[in-house]
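Colleague: sequence first, predicted coordinates after that:
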Amino acid sequence: MVMNTRLYSLLWLLGTTLVFFAGCKTSEGTAIKTENSLLWKIEGKALKQPSYLLGTIHILPQKDFFLSDAMKQALASSQQVVLELDMDDPGMSMEMFKYANMNEGSALDKLLSPADYAKLDSLVKKGTGVGVAMFNKWQPMLVASVVMQQMLDKQPASYELALVKLAKEGQKEVKGLETIKEQIDAMATIPLPQQAQYLSELLNDFEKQKALFGKMVDLYKSQNINELLAYMIEESGGIDFSTVLLNQRNHNWIPKIGEIAAEKPTFFAVGAGHLAGKDGVLALLRKAGYRVTAVL
């Protein structure tokens with residue numbers, strides 16, 4: 001399959017799309033308050049040297065992208081970089097195509113109204129250079145990230161791609177906490193009608209969703225991870241995405257983070273929505289016996 005440059009770039013964005021759907025309705029998501037910081041030092045237990053954890057926002061306007069001196073220093077002191085996905089894997093785009101399809105018989109033109117499908121086709125063409133027919137069997141929430149691309153600059157910034165570039169420059173290995181298949185399998189547990197509802201709302205209230213995303217970027221830049229999580233919960237529209245898109249994945253990551261950090265000092269980077277809360281990565285690492293402190 002031949003892909004143009006814009007489509008290839010889109011696949012990189014899709015591989016980290018879950019941050020946009022991490023908004024969840026849960027009564028205990030913000031039960032634990034933590035300092036306002038995106039960068040955290042992990043020490044103790046079996047770790048001979050500290051590792052670091054950065055909360056990212058996977059894509060954002062170029063004007064809002066930043067890497068502080070502390071973030072750069074933490075990266076420089078680490079021997080490898082671990083993201084949610086191995087974004088240095090040349091086979092990632094084909095893996096996306098392999099696992100993105102819905103169950104047999106399901107398709108976007110059946111889940112969406114003709115009007116919504118036409119709107120989606122227009123936005124997909126604008127974002128990728130090809131029509132929505134190419135993605136007709138894809139899960140609605142995956143295709144929603146194509147629409148979200150229109151909220152950003154023509155060439156949005158990506159923390160993951162920036163970290164991959166810096167890792168290569170520093171001759172550091174890049175790894176992932178999970179695979180494309182694991183991410184898509186998690187998304188697939190959300191019923192297709194709910195996914196289609198989310199996509200329809202995005203298509204029909206684009207300016208509102210663009211404003212909500214802008215607010216999320218502002219909260220990210222303020223490094224207030226508690227308020228960021230609370231805002232995501234507030235704007236979830238009552239759709240509960242938390243169990244599989246946040247909590248289960250967070251719990252799955254903790255033993256992997258421990259094993260990887262025990263091997264060598266590591267710079268971890270995951271969506272900032274995963275950090276705070278009772279089932280957030282910070283609280284779970286502390287519960288597992290690690291000392292986790294904010295780097296301010």
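Modeller: Here it is on my side, so go on.
Colleague: all helices for the chain, in order.
Modeller: 5-14, 69-77, 92-99, 108-111, 114-128, 140-148, 159-169, 180-188, 192-204, 206-221, 225-234, 242, 248-263, 281-287 (DSSP state H).
Colleague: so for the shortest one, what's the average pLDDT?
Modeller: For helix 242, the per-residue pLDDT values average out at 62.
Colleague: low-confidence ranges in the stretch 51-200 of the chain?
Modeller: 153-154 (pLDDT under 70).
Colleague: if we go to 90?
Modeller: Residue ranges of the stretch 51-200 of the chain with pLDDT under 90: 57-62, 86-100, 103-105, 123-130, 141-158, 161, 180-191, 194-195, 197-199.
Colleague: what's near enough to touch the nearest residue to residue 296 once chain neighbours are set aside?
Modeller: The spatial neighbour of residue 296 that comes closest, neighbours along the chain excluded (CB to CB, 6 or more residues apart in numbering), is residue 37 at 5.7 Å. C-beta: built from backbone N, CA, C; applies to glycine. Counting by CB atoms under 8 Å, 6 or more residues apart in numbering, residue 37 touches 223, 225, 294-296.
Colleague: hang on, the earlier thing: redo the helices of the chain as a markdown table? Include distance to residue 275 and mean neighbour count.
Modeller: Shown next, in a markdown table, are the helices of the chain (distance: least, CB to CB, whole Å; neighbours: other CB atoms under 10 Å):
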| stretch | distance to residue 275 | mean neighbour count |
| --- | --- | --- |
| helix 5-14 | 21 | 17 |
| helix 69-77 | 14 | 15 |
| helix 92-99 | 24 | 17 |
| helix 108-111 | 33 | 18 |
| helix 114-128 | 29 | 17 |
| helix 140-148 | 21 | 23 |
| helix 159-169 | 14 | 18 |
| helix 180-188 | 18 | 19 |
| helix 192-204 | 23 | 19 |
| helix 206-221 | 11 | 16 |
| helix 225-234 | 5 | 20 |
| helix 242 | 14 | 23 |
| helix 248-263 | 9 | 17 |
| helix 281-287 | 5 | 20 |
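Colleague: still on that earlier bit, of the contacts of residue 37, grab the buried ones for ChimeraX.
Modeller: A single ChimeraX command selects the buried members of the contacts of residue 37 (16 or more other CB atoms under 10 Å):
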select :223,225,295
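Colleague: could I get the contacts of residue 37 as JSON lines with pLDDT?
Modeller: JSON lines is the format used below for those (pLDDT from 0 to 100):
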{"residue": "223", "pLDDT": "95"}
{"residue": "225", "pLDDT": "91"}
{"residue": "294", "pLDDT": "96"}
{"residue": "295", "pLDDT": "96"}
{"residue": "296", "pLDDT": "84"}
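Colleague: just the closest of the contacts of residue 37 to residue 121, please.
Modeller: residue 225 (36.8 Å; CB to CB).
Colleague: and that closest one, what does it touch?
Modeller: Residue 225 neighbours (CB under 8 Å, 6+ apart): 34, 36-38, 55, 272, 275-276.
Colleague: okay, now residue 46: neighbour count?
Modeller: Neighbourhood size, residue 46 [other CB atoms under 10 Å]: 10.
Colleague: surely it is in contact with residue 258?
Modeller: Yes - look at residue 46 against residue 258 with CB atoms under 8 Å: they come within range, at 7.4 Å.
Colleague: by pLDDT, give me the weakest of the contacts of residue 225.
Modeller: residue 34 (71).
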